[in-house]
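> Using only what follows, build the 3D model:
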Amino acid sequence: MKRKVTKAIFPVAGLGTRFLPATKSVPKEIMTLVDRPLIQYAIDEARAAGITEFIFVTSRGKSALEDYFDHSPELEANLRKKGKDALLKELKKTNMDSGAIAYIRQHKALGLGHAVWCARRLVGDEPFAVILPDDVIAAEKPCLQQMVEAHAETGGNMVAAMEVPAEKTSSYGILDVKEDMGSHVSVGAMVEKPVAGTAPSNLAVIGRYILSPKIMHNLNEMKSGVGGEIQLTDAIAQEIKGEQNVFGYRFTGQRYDCGSKAGFLQATVAFGLAREDLQDELAEFLQASLSMRRAAQ
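Take a look at the predicted model:
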C-alpha cells in the first residue's frame, strides 16, 4: 500500500548572495512577487497537494521568515476594525497552525542533499516532498499536486522535469531516460551538472521532489560530490542503481527561476499581468517602455 505524502521539506538556509544587498537583512524567500513572498507561493502549492506538515531547514538570519508565518493579532484587529475584510482574508492565509510547521537549523552550507538530510528525524519512515522556493511554477493545477497524483500510481521516487536548451544542461541535474511514458519517464541515471556536450538528454530536474525515506539512508552515507557539496541528485541516483524506482514527471506549467535576477523580474511581470487589478496598467506601462526604448535606439 502506497503511503500518502503529507510532509514537505523547504530548504531555505541559503544566503541569497545573488540578491545582495537586499538579502543582507531580508531573507530571499521573503522577497515578493507582486504582493506575496516567494515562500508563500511554495506553501500554497504544498497545501493544494495535501501537505499538512511543513519542515523548514533554515540558518542564521532567517527570523523574518519565521515571523512571517506567525499570527499578528494587532494587525488583524486593525483590519477588522476598518472593515478591510478582503485584506484580512489574505492575511489569514499566511498563518500556520501551531505544530504544523517546524524549523531545523543547517549549521554549515554543505549542499541541498545535506539540507534535506537535516530533517531526517522529522520525516521518519514516510515518503516526503521537497520544494525549492526559488522555482516558482505557474500552473492551473499546482505542480506538486500533479506530482502527488502521479506518485499515487507509480510510488517510488519522483522528480519534476522539463526540457531545457542543450547549452544550459550543465546548470542542472539531467535525466538519462530509460523509458518514456509521456507525462512521466523511467529514469536510468541522473547526472549532476554534466560537462557541456556530455548530457544524456535535455530533460532537467526542477525544484520539486517526492522521495522515499530510503533517500535519507543514502544521504547518511554520502560523501561530498560536485562543488564539494552533498548532492541530493547522488542520493536519488543510488535508488536507480538499486530499486530502479525513480521517475521524472513532465509537469504542466511555466517555471520561473527566481533564484536569478532575470528570472525574478520575469516572474514579477508574468504574475502582475495575470492579475485583473494590475494587468491593464502594467501592460500599458510595458508597451510604452518598449516603444521608448525602440525610439532611443
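> List phi and psi for the closest residue to Ala189 other than its chain neighbours.
Computed as CB to CB, 6 or more residues apart in numbering, the closest residue to Ala189 that is not its neighbour in sequence is Asp176, at 3.8 Å. Where C-beta positions appear, they are placed from N, C-alpha and C, glycine not excepted. When read as degrees, to the nearest 10, the backbone of Asp176 gives phi -100, psi 110.
> Tell me which residues touch Asp176, please.
Val187, Gly188, Ala189, Met190, Val191, Pro200, Ser201 (CB atoms under 8 Å, 6 or more residues apart in numbering).
> which of those residues count as buried?
Among the contacts of Asp176, those classed as buried by 16 or more other CB atoms under 10 Å are Val187, Met190, Val191, Ser201.
> Pull up the gap between the last one and Ala102, please.
To tie it back to what came earlier, the one meant is Ser201. Remark: distance between Ser201 and Ala102 (CB to CB, to the nearest Å) = 37 Å.
> And for Ile131?
15 Å.
> just Glu140 next, same as before
Counting by CB to CB, the gap from Glu140 to Ala102 is 31 Å.
> Which strands or helices does the worst-scoring helix or strand of the chain on mean pLDDT pack on?
Taking mean pLDDT, DSSP states H and E as the measure, helix 63-68 is the helix or strand of the chain with the lowest mean score, a mean of 83. Where contact means 3 or more CB pairs under 8 Å, 6 or more residues apart in numbering; DSSP states H and E, helix 63-68 is packed against strand 53-58.
> Among the buried ones among the contacts of Asp176, which one sits closest to Leu144?
Val187 (18.7 Å; CB to CB).
> what residues are up against that closest one?
Counting by CB under 8 Å, 6+ apart, Val187 has contacts Val159, Leu175, Asp176, Val177, Lys178, Ile240, Val246, Phe247, Gly248.
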